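> just to be clear, the model below is a prediction. Sequence and coordinates:
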Amino acid sequence: MQELLSRIHGTADLKALYPEQLPTLAKEMRHYLIETLAPIGGHLGAGLGVVELTIALHYLFDSPRDKIVWDVGHQAYPHKILTGRLDRMPSIRQYGGLCGFTKRAESEHDPFGAGHASTSISAAYGIAAGRDLNNEHYNVIAVIGDGALTGGMAFEALNHAGAHNKRLLVILNDNEMSIAPNVGAMSSYLARIITGKPYTQAKDTAKRILEKLPGALDAAKRLEEHVKGMITPGTLFEEMGFRYIGPVDGHDFDHLLPTLANCKYLDGPILLHVVTKKGLGFSPAEEDPETWHGLGPYSVETGIPHKSNGKPPTYTQVFGDTLADMADHDDRIVAITAAMPAGTGVSRFEKRHPERCFDVGIAEQHAVTFAGGLAVAGKRPYVAIYSTFMQRAYDQIIHDICIQNLPVTFCMDRAGIVGADGATHTGMFDIAFMRNLPNMTVMAPKDEAEFKAMLITSATINGPVAIRYPRGNGYGVDISQLPAPLSVGKAEILEAGNDGLVIAVGTRVRDTLAAVERLRQEDGKAVTLLNLRFIKPLDLEAILKHLQQGKLLAIVEEGVAQGGIGQEIAALALKSGWSGPFVHIAMPDIFPAHGTQPEILRDLELDANGILKQLRGC
Ligand SMILES: Cc1ncc(C[n+]2csc(CCOP(=O)(O)OP(=O)(O)O)c2C)c(N)n1
Ligand SMILES: CC(=O)[C@@H](O)[C@H](O)COP(=O)(O)O
Ligand SMILES: [Mg+2]
């Protein structure tokens, strides 16, 4: 490890350095991040972009007394390094290791946990308001990216905080990137500020006056405000009650340190606009920041991510390609992503149907209601949002789609266990929150071929539809054909037997099949296995037909037990007069840890071994 970095065991060690040493520390930190993440992967680009900003913040402010709230938390690796977690960095996002985001339980330097975007200003402002009520004195800083600023919550918070005069520093880390290039009018506005030559000239004029007339600080400031107001379109943030400072070069300590030092002593809400480059210091990440936002292992030497050779396509790819195929024949089909075109597969659709593709920014609520509007205009919107981020838009799903029975399909990628991103990103609630909505049809495929069939089925349903599918690769089953639509509300029988009924949902069907086969071979017990396919409407006929009095009833689903489909099936069975051994194999009432998907499924006893164990136990 390099000389300066190896001395940093906490923020006190950083503060002991001379300012002239900070650029060297920044260099060492970049090198360390690039090398450390190479074998394990992780969120590289965002962290590389905020190395100087993080060093400057911890150099000048006094965490944990001062509170630094990082939005999303994916850029907080340098923050972790400087706050006593350097030794554990190689464990980041690994089973038992550091979390990939900020997490209160992990460090007193993480005053607010994150993972989802656009929460930092609200949280920081809440801390500032609490501080003032407590008559305490410390700084509260929210660091938010330009991508996260596209989220409605960030604006709600600015609107609230700007109307009051509490001390709050919001640092806008503007790298013109979300995961993909940032979108929207706000993004263009920020770009105009950065590149606005007239603004730079106006600033220079004000500075020259200030230099010539040292006593005329106020006059020069007023002139700067005046000229700025005329030329940069409205300094939106100032009109919202924030003192706007910037844009500042986020990689230049000579700019960052004095500016931040000043911010420390200014009252009221301040917005400091810092301009950075995502991926700085690693040319592959600078050149292709989207790929290097978050990735698996890679080679430092070649700058190429390791390939997962020969694996079947991911569900994400199947989604993008199938929807594009469907759109070839149905011009009503449109696709919507909330700032995740590649992650959701919408980019594959976009290549073939660019005019029918919408990236709305990190704005899941807007995405859903916007889809409602498109449906009213005669379109067939497919809203592709990870299960965990769909949580953001629950009222919109109910109020704007379901009540009006609009034909919008929700494609919920990353349903179930996601692995390294852990609790904040686990898609564990969607079965519970979608299945209780009137008018909604909910499907979960057992493999990628069935997924394709479900997408095709969705186009035949004249109302809201939700399809949940997991992170990762399919099983390699044949998907070359365009399948026929499924029979809505009909389950599939995979095994027949007289020793009970096992019902499996979507992502858990394969492992349940393996468990059921072992039960037959090793224990001599043959059960009937139903692949539910439709979480809603339920195939009551099949369930009641195969329910066996006095014999096992088991339901296996990769979602929370509380509110899961297992509860409805249990109630149904009891109502029908059935009694017998029962087991609901689902996620317990805890937030899962991070690790690989197999590790977490194993811990939750949701893999084939765990399912078998639980089937045997009843
Ligand atoms: C509610 C929500 N939607 C989507 C995401 C996925 N996501 C994580 S980081 C990110 C981009 C953030 O961009 P920005 O805030 O500018 O940070 P940068 O990576 O550029 O530093 C997105 C879309 C998320 N974390 N939360
Ligand atoms: C930080 C964030 O929310 C995303 O970058 C997320 O980690 C992406 O997850 P996938 O790797 O599953 O696309
Ligand atoms: Mg950004």
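That came in fine, so what should we check first? Ligands and ions are numbered 1, 2, ... in the order given.

> next, whichever residue of the chain sits closest to ligand 3: phi, psi?
Nearest residue of the chain to ligand 3: G145, at 3.7 Å (CB to the ion). Where you see a C-beta, it was placed from the backbone N, CA and C, and this is true even at glycine. Note on G145: its backbone torsions stand at phi -80, psi 160 [degrees, to the nearest 10].

> what's the closest residue to L86 other than its chain neighbours sitting at in phi/psi?
Using CB to CB, 6 or more residues apart in numbering and skipping residues adjacent in sequence, the residue nearest L86 is I8, 6.2 Å away. I8 adopts backbone torsions of phi -90, psi 100, taken as degrees, to the nearest 10.

> need the contact list for the residue in the stretch 201-350 of the chain that ligand 1 sits nearest to.
Residue nearest to ligand 1 within the stretch 201-350 of the chain: A339 (3.9 Å; CB to the nearest ligand atom). Contacts here follow CB atoms under 8 Å, 6 or more residues apart in numbering; on that basis A339 touches 147, 150, 178-180, 183, 359-363.

> swap in M186?
Contacts of M186 by CB under 8 Å, 6+ apart are 146, 149-150.

> and those, which is closest to T54?
D146 (17.1 Å; CB to CB).

> starting at the chain centroid, how far to stretch 530-544?
A distance of 31 Å separates the C-alpha centroid of stretch 530-544 from that of its chain, computed with CA atoms, centre = their mean, to the nearest Å.

> endpoints of it, how far apart?
Chord length of stretch 530-544, first to last residue, is 12 Å (CA to CA, to the nearest Å).

> one more: stretch 83-90?
Taking CA to CA, stretch 83-90 runs 15 Å from one end to the other.

> so where's the chain shaky on pLDDT?
1, 197-234 (pLDDT under 70).

> and which of the contacts of M186 is nearest Y18?
Using CB to CB, D146 comes nearest to Y18 of the contacts of M186, at 32.1 Å.

> in the longest strand seen in the chain, which residues are buried?
Assignment by DSSP state E gives strand 552-560 as the longest strand of the chain. Residues of strand 552-560 classed as buried by neighbour count (16 or more other CB atoms under 10 Å): 552-560.

> by contact count, what packs against it?
Secondary-structure packing of strand 552-560 (3 or more CB pairs under 8 Å, 6 or more residues apart in numbering; DSSP states H and E): helix 430-434, strand 500-504, helix 565-575, strand 582-587, helix 608-616.

> deepest-packed of those, please.
strand 500-504 (a mean of 26; mean count of other CB atoms under 10 Å).

> and the residue of the stretch 101-250 of the chain found nearest ligand 2, how many neighbours?
Closest to ligand 2 within the stretch 101-250 of the chain is I179: 5.9 Å, counting by CB to the nearest ligand atom. When neighbours are defined as other CB atoms under 10 Å, I179 has 22 of them.

> what's the distance between it and H79?
Distance of I179 to H79, computed by CB to CB, to the nearest Å: 20 Å.

> and if you look at E558?
Relative to H79, and taking CB to CB, E558 is found at 33 Å.

> again with Q614
Look at Q614 and H79: by CB to CB, they are 41 Å apart.

> what does V140 give?
Counting by CB to CB, the gap from V140 to H79 is 15 Å.

> phi and psi next, for L272.
Dihedral angles of L272 (phi, psi; degrees, to the nearest 10) stand at phi -100, psi 120.

> is it bridged to anything, and to what?
Here L272 sits in beta bridges with I171, I245, as judged by DSSP bridges.

> and the residue of the stretch 151-300 of the chain that's closest to ligand 2?
Counting by CB to the nearest ligand atom, the stretch 151-300 of the chain gets nearest ligand 2 through G294, at 4.1 Å.

> apart from its chain neighbours, what residue comes closest to that residue?
G294 sits nearest to H43 (CB to CB, 6+ apart), 4.5 Å away.

> before we move on, back to that, please name the bridge partners of the residue of the chain closest to ligand 3.
Here G145 sits in beta bridges with N173, going by DSSP bridges.

> quick check: it touching H74?
No: using CB atoms under 8 Å, G145 is not in contact with H74, being 9.1 Å away.

> got any residues that touch both of the two?
Contact criterion CB under 8 Å, 6+ apart; residues bridging G145 and H74 by contacting each: A46.

> who has more neighbours out of these two?
It is G145, of G145 and H74, that has more neighbours when counted by other CB under 10 Å, with 30 against 24.

> residues from the chain in reach of ligand 3?
With CB under 5 Å from the ion as the criterion, the chain meets ligand 3 at residues 145-147, 175, 177.

> any chance of a PyMOL selection covering the buried ones in these?
Here is the PyMOL command that picks out the buried ones among the residues of the chain next to ligand 3, judged by 16+ other CB under 10 Å:
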select buried, resi 145+146+147+175+177
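
> a markdown table please, covering the residues of the chain next to ligand 3 and showing distance to D66.
Output for those, formatted as a markdown table (distance: CB to CB, whole Å):
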| residue | distance to D66 |
| --- | --- |
| G145 | 20 |
| D146 | 24 |
| G147 | 25 |
| N175 | 24 |
| M177 | 27 |
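
> I'd like to know which of the residues of the chain next to ligand 3 is nearest to E495.
Nearest to E495 among the residues of the chain next to ligand 3, counting by CB to CB, is G147 at 46.9 Å.

> ok, now which ones touch that closest one?
117, 177-179, 182, 339, 361-362.

> swap in 6 Å and give it another go.
178, 182, 362 (CB atoms under 6 Å, 6 or more residues apart in numbering).

> give me the neighbour count for the closest residue in space to L37 that isn't next to it in sequence.
Spatially, and ignoring its direct neighbours in sequence, L37 is nearest to L44 (5.3 Å; CB to CB, 6+ apart). L44 sits with 27 neighbouring residues when counted by other CB under 10 Å.

> one more: K80?
K80: 27 surrounding residues under other CB under 10 Å.

> now do it against I431, distance only.
From K80 across to I431, the span is 34 Å (CB to CB).

> got it, and L606?
Using CB to CB, L606 is found at 13 Å from I431.

> please work out which residue of the stretch 51-200 of the chain is closest to ligand 2.
As assessed by CB to the nearest ligand atom, ligand 2 sits closest to H74 within the stretch 51-200 of the chain, at 4.0 Å.

> please name the residues that touch that residue.
43, 46.

> quick one, helices of the stretch 451-600 of the chain?
Taking DSSP state H, counting those that start in this stretch as the criterion, the stretch 451-600 of the chain carries its helices at 509-523, 540-546, 565-575, 597-603.

> actually, the stretch 101-250 of the chain.
120-133, 152-162, 185-195, 197-212, 217-231, 236-239.

> please identify the buried residues of stretch 235-244?
Buried residues in stretch 235-244 (16+ other CB under 10 Å): 235-238, 240-244.

> the closest residue to I34 other than its chain neighbours: how many residues sit nearby?
Distance criterion CB to CB, 6+ apart; nearest residue to I34, sequence neighbours excluded, is F282 at 5.1 Å. Using other CB under 10 Å, F282 has 20 other residues around it.
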